[in-house]
Each structure stands twice: as structure tokens, then as C-alpha cells.
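Trainee: The sequence isn't on hand, but the structure is:
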């Protein structure tokens, strides 16, 4: 919390704190960087400005104490989970499964990292990716909430007194964009005993990628930068991401350049974004199919062969969601 300034600045700051506390009644805390007194003053202001109706707890010891607590909790809570990895080829719908299962059954690694995990994973809403510390803190908080929800489902019992809580996570590499999965969680993932495999046809996978990286991503760029600048920024970003893929893993320099040209041409032919049609998405199928067959699928096959654990279920996105919900209900 920075300086306690003029009345106008003070009132504005208090109003923003109160608004946040009201929107996040179970997730708001006050702390100083080193555990000083400013957090106590801020808590007093909040109580006084709301007539005592809003009260925000103070973290004793400040940010460092909070960090130590979250690190320790993550390490301990990972051991209370029955982790199940969600595997599948790129575009098979793994992220959609995590979203469908929700935060009481799964940990969204990519959502917490603010990165989709691929060469094209940057999210336009964020200028910079989340910091490593905030990523780890977010994972720790998500896991605590999941275990609390699991305890509520078991009539107040916890994972320490009953069976470990079933948790689904997408099978990710150690690095997601610029952040890395913290060692306790990544070790648990690397030694995981169970996994499910999501299956999808090539056409279904291409459709999913078009939805995510062509239609939805363009819509998000347009929403942020307008109908004139947004499509150009979307195109330039996608072509730039492809150009950064290692040429040796995409058939060499000439093949890499050819795929870049195919993508650029597809975006040039793509109709101006329209809410009703989304443009002619069919022009994107060639470069997406090429990337899947020549870049992503060989990597997945290599990783799958090196993977450990037992496959406990295999099916489409919809079948995996249905199976997981039924398993958690047992």
C-alpha cells in the first residue's frame, strides 16, 4: 500500500478497497510488505467508511508471511490429492474439459498462468504474463479452495481424514510461457499414477483451434483495439508466433517459411471480421492441419511414449467430462 495521501486520494483508495472486499467477501486480505502498520490503518478506514459493515482481515507478518504460508500450503496440499492428468493431442479439447469440471474438481494451470501453453499461447488481455510468485500463489490458493470444497462434499471431512481429493490437471510441460510449474506440483504430475486420454478426429481438432485462435482470439483483439486495428494486430501476432517456432522442428528452413506463407495468405484472405459469420474460417484449415501433423503431433507422440502411469479412461471431450463427473460423485 503506497502513501496515505490527500483526502481525495484517500477516499478513492478506500472506495476501491471496499468495492473489492464486497466483490470478494471470502478472498480479501490486507497486508504490508514487511508487516508494518499501514494495513491496520487501512482496515480501520474500511470499517469506519462502511459503518462497520465491511471488515477485512489483516495478515500478520505482511507479504513475506503470506508468501511463506502459501508455499508451505502448496507443498503440503499437493500430497492430499489424487491427481489425474488429462492428456490428448493439441486441439482435442483438454482445456475445455478443465473449464467444464470447474475449480472444485480441477486446477487450471493455463488460466492461472495467463498463457495457453503453446507457441501461440499469449493472451491479448495481458501486456505481460503473470509473475512466477503470483503464479505459484494462485495455484496454492486454487488448491486450498478445491480441498475445502471437497471437504464440504464429504460433510466436513478433509482429505487427511478420508481418501485424497480427486483433482484433474492438464498434462503440461514444466514451463507455461514464462513461468514454471512449482516443483511439488510438477513432481506430483511427473509421477502421477493415472491419466485420461482425450480423443478427437483431425477435423474436430482443426475446428477447435479455429474456434480458439481464429474466431475467439480475433474477437478479443477487436474488443480491445477496435474493428480496424484489432484484426491487423491479431494477424501480426499469429504470424509472429509462428515465425518464432524452431525451424528445425518444422521440416527445416524452407518448410517453415512455406507454412508461414500459408498462414499469412490465409489471414489476408480472411474476410473482415463480422459478428455473424466470423469471416471465412475455412481458409485457415491448411496451415492448422500442417502444424498439427508436422509439428505438434510428433512432439505429443514423443511425450506420450515417455509418459508414465495407467490410462484409466479414453474418450471424446464429452465422454471424458461425463466420466469425470460420475467418478467424482462416487
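Mentor: Received, thanks. On a predicted model such as this, the values are computed, not experimentally measured, just so you know.

Trainee: Going by C-alpha atoms from here, please, whenever you check contacts or count neighbours.
Mentor: Noted.

Trainee: which secondary structure elements does the lengthiest strand in the chain contact?
Mentor: Determined from DSSP state E, the single longest strand within the chain is strand 81-88. On a contact count with 3 or more CA pairs under 8 Å, 6 or more residues apart in numbering; DSSP states H and E, strand 81-88 meets helix 94-101, strand 165-170, helix 183-190, strand 194-198.

Trainee: Throw these into TSV and include distance to residue 296, thanks.
Mentor: Formatted as TSV, those follow (distance: least, CA to CA, whole Å):
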stretch	distance to residue 296
helix 94-101	15
strand 165-170	16
helix 183-190	20
strand 194-198	15
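
Trainee: Any idea which of the ones you listed gets closest to residue 72?
Mentor: Proximity to residue 72 (CA to CA) singles out helix 183-190 among the helices and strands packed on strand 81-88, at 10.1 Å.

Trainee: Just give me how far the closest one sits from the chain centre.
Mentor: Helix 183-190 sits 17 Å away from the centroid of its parent chain (CA atoms, centre = their mean, to the nearest Å).

Trainee: Tell me which residues of that helix come out buried.
Mentor: 185, 186, 188, 189, 190 (16 or more other CA atoms under 10 Å).

Trainee: What is the neighbour count of residue 266?
Mentor: Using other CA atoms under 10 Å, residue 266 has 20 neighbouring residues.

Trainee: returning to what we had before: Serialize the buried residues of helix 183-190 to a markdown table and add fields for distance to residue 217 and pLDDT.
Mentor: Listed next are the buried residues of helix 183-190 as a markdown table, based on distance: CA to CA, whole Å; pLDDT from 0 to 100:
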| residue | distance to residue 217 | pLDDT |
| --- | --- | --- |
| 185 | 30 | 98 |
| 186 | 29 | 97 |
| 188 | 32 | 96 |
| 189 | 29 | 95 |
| 190 | 31 | 93 |
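
Trainee: For this protein, give me the ranges with low pLDDT.
Mentor: Scanning the chain for pLDDT under 70 picks out 1-7, 26-36, 152-162, 271-279.

Trainee: which residue is nearest the centroid of it?
Mentor: Centroid check for the chain by CA atoms, centre = their mean gives residue 111 as the closest residue, at 1.4 Å.

Trainee: what about that residue, distance to residue 249?
Mentor: Distance of residue 111 to residue 249, computed by CA to CA, to the nearest Å: 27 Å.

Trainee: What's the local residue count around residue 253?
Mentor: As a burial measure, residue 253 scores 12 neighbours (other CA under 10 Å).

Trainee: on that earlier part again, what's the helix or strand where the residue nearest to the centre of the chain lies in contact with?
Mentor: Per DSSP states H and E: residue 111 is located in helix 109-113. For helix 109-113, the external contacting residues (CA atoms under 8 Å, 6 or more residues apart in numbering) are 116, 117, 129, 130, 135, 138, 139, 169, 170, 176, 177, 179.
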